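Q: I would like to see how this sequence folds:
(one chain, ligands or ions: 2)
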Amino acid sequence: MDALLALDQGTSSSRALVFDRAGRLLASAQRELTQHFPQPGWVEHDAAEIWAGQVACAREALAQARGRVAAIGITNQRETTVLWDRSTGEPLHKALVWQDRRTADFCEQLKQQGLEPRVRALTGLVLDPYFSATKLRWLLDHVDGARERAERGELAFGTVDSWLLWKLTDGKVHATDISNASRTLLFDIHAGEWSDELLGLFGIPRALLPEVRPSAGGFGQAVEFGVPICGIAGDQQAALFGQAALQPGQAKNTYGTGCFLLMHTGAQARASAHGLVTTRTADGGFALEGSVFVGGAVVQWLRDGLGLIRSSAEVQALAGSVPDSGGVMLVPAFAGLGAPHWRSDARGAIVGLTRGSGRGHIARAAVESIAFQSAELLQAMQADGAALTELRVDGGASANDLLMQFQADLLGLPVLRPQITETTALGAALLAGIGAGLFASADEVGTIWQLDRAFEPRMSRDEAHTRMAQWGRAVRQVLAE
Ligand SMILES: Nc1ncnc2c1ncn2[C@@H]1O[C@H](COP(=O)(O)OP(=O)(O)O)[C@@H](O)[C@H]1O
Ligand SMILES: O=P(O)(O)OC[C@H](O)CO
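A: Ligands and ions are numbered 1, 2, ... in the order given. Next up, the predicted model:
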């Protein structure tokens, strides 16, 4: 059987999924990943735990599938920065997660020096701690001896895809793909190569860097499984691919830990004048992207921080226990605000509380905050001239019907949820299928996409504008702090 194994290493968990070539799910396994918060605004993962959890999932899913797997595709939380020793394969420090804000001051200094326009022109990104370059610099500056060892070629840098690839190939392959490279702030997205100018600007020795390859193609052999790795993409670009959003103007939003709205812009890079970034897609094209740092994670906070619910799925019933949020607005700027505001200093707030506000209102405000933030991204895309007619959705929180309906209401657009909401993993599996030569071209992906449910807008546009204006006021309060 020509099955495909996707390794989906996300922020909250690691997953392994086996699909057949028609995109049907045959087996899956999952492990939660420990989140480390050593200081306010700092977020770390243990790279050894990432590897151990991911390989355990792969073994479990392969045992369930009991079939022959033709190829492996890797997809991953992007930007998260791992530094390891090439001879021992040991990480030198915990991985600095994309949500980590410790390099905010350094980014600010670079902005003060007027460097942002040049960085933006080369990378399509903004100077924000979100991206890898300043995290890698922090590691080189704070781990004893790291910079000297890096210059001697003893260390390797990678985003999580490179780290997993290195481990899977027993240290034989140090590579990444173009979609992950384009999230580092070190990659010239137009030339399609690492930029010496940016390496100089951030003080990063070239000897640390992985080789950049196309997203579908050969990445070496996974030694333990005896299977070739034939696809790699950052999780949001993999989701865009798995949603078969391959034509200019097609867009998807993924509701995971964060929310990531990407619109394909074809073979042309388009720059945003409204706070979005430009990034490379898995099919070698370009996309406009808006990234929200806290999406589904606000529901995790209701669960773990407030103890309002016992599982994420329970939020729908609690939020649905009230007709609306009763004027309560929750701005989950727990890790600053990403697009379109880019304010790493912002912190969260709940506003509009009255004596009548209860658990239901707070839960509803939390769920609505996910849709409000996503709607701001879509507004930014529209302001940049995009004419969207529908939005494809996926990710853990897209299971929430109340959220999806509210999203359609705010946007005034149909929200289309596919039958497979594990679109990220599906995208990685399909890329591996293309890389392994099982599919002739990316066009075959379009035939696999199947609709589960379309959420049509029900709210009047007046009401939607009023709600967006209320949200805008709450955000301004947070930004004014
Ligand atoms: N029914 C739900 N309603 C809202 N949020 C949910 C629901 N189910 C899961 N989530 C949230 O979705 C996120 C998990 O989605 P997932 O796609 O697995 O994330 P990731 O890829 O970032 O690890 C968690 O933050 C969780 O709180
Ligand atoms: O792990 P996710 O699904 O929240 O995705 C993380 C993003 O890739 C960060 O840019």
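
Q: same for the least confident helix or strand in the chain by mean pLDDT, what does it pack against?
A: Here the helix or strand of the chain ranked lowest by mean pLDDT, DSSP states H and E is helix 443-448, holding a mean of 77. Judged by 3 or more C-beta pairs under 8 Å, 6 or more residues apart in numbering; DSSP states H and E, helix 443-448 is in contact with helix 423-435. (Each C-beta comes from the backbone N, C-alpha and C, glycine too.)

Q: quick check, the helix it packs on touching ligand 2?
A: No - using C-beta under 6 Å from any ligand atom, helix 423-435 stays clear of ligand 2, coming no nearer than 6.8 Å.

Q: Which neighbouring elements make contact with that helix?
A: Secondary elements touching helix 423-435 (3+ C-beta pairs under 8 Å, 6+ apart): strand 3-9, strand 13-19, strand 69-76, strand 227-234, helix 235-242, strand 251-255, helix 443-448.

Q: Please look at Pro214 and Asp177 and confirm they touch.
A: Yes - counting by C-beta atoms under 8 Å, Pro214 does reach Asp177; the two are 6.8 Å apart.

Q: more neighbours, these two?
A: Of the pair Pro214 and Asp177, Asp177 is the one with more neighbours under other C-beta atoms under 10 Å, namely 31 against 18.

Q: Could you tell me the phi and psi values at the more buried one?
A: Here is the backbone geometry of Asp177 (degrees, to the nearest 10): phi -110, psi 170.

Q: The one 5 residues further on now?
A: For Ser182, the backbone dihedrals are phi -70, psi 0 (criterion: degrees, to the nearest 10).

Q: ok, the nearest residue to it once chain neighbours are set aside to Ala317 distance?
A: If the residues on either side of it in the chain are set aside, Ser182 comes closest to Arg280, at 4.0 Å by C-beta to C-beta, 6 or more residues apart in numbering. Note on Arg280: its distance to Ala317, by C-beta to C-beta, to the nearest Å, is 40 Å.

Q: In terms of neighbours, single out the busier of the two.
A: For Arg280 and Ala317, the more surrounded residue by other C-beta under 10 Å is Arg280, and the numbers stand at 27 against 12.

Q: Show the model's pLDDT score for the more buried one.
A: As predicted, Arg280 sits at a pLDDT of 97.

Q: need the contact list for it.
A: 178-179, 181-182, 189, 192, 237, 286-287 (C-beta atoms under 8 Å, 6 or more residues apart in numbering).

Q: burial measure for the residue in the stretch 101-250 of the chain that ligand 1 sits nearest to, as a count.
A: Of all residues in the stretch 101-250 of the chain, Asp235 sits closest to ligand 1, at 6.4 Å by C-beta to the nearest ligand atom. Around Asp235 there are 30 other residues, counting by other C-beta under 10 Å.

Q: quick one, what contacts it?
A: 8, 10, 75-78, 254, 256, 424.

Q: how about a cut-off of 6 Å?
A: By C-beta atoms under 6 Å, 6 or more residues apart in numbering, the contact list for Asp235 reads 75-76, 424.

Q: top of the residues you listed by neighbour count?
A: Going by other C-beta under 10 Å, Thr75 tops the contacts of Asp235 with 38 neighbours.

Q: and the stretch 101-250 of the chain, which residues reach ligand 2?
A: 234-236.

Q: Can you add pLDDT and give those residues back as a markdown table?
A: A markdown table is the format used below for these (pLDDT from 0 to 100):
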| residue | pLDDT |
| --- | --- |
| Gly234 | 98 |
| Asp235 | 96 |
| Gln236 | 96 |
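
Q: For the residue nearest to Ser182, give me phi and psi.
A: Taking degrees, to the nearest 10 as the convention, Arg280 sits at phi -90, psi 140.
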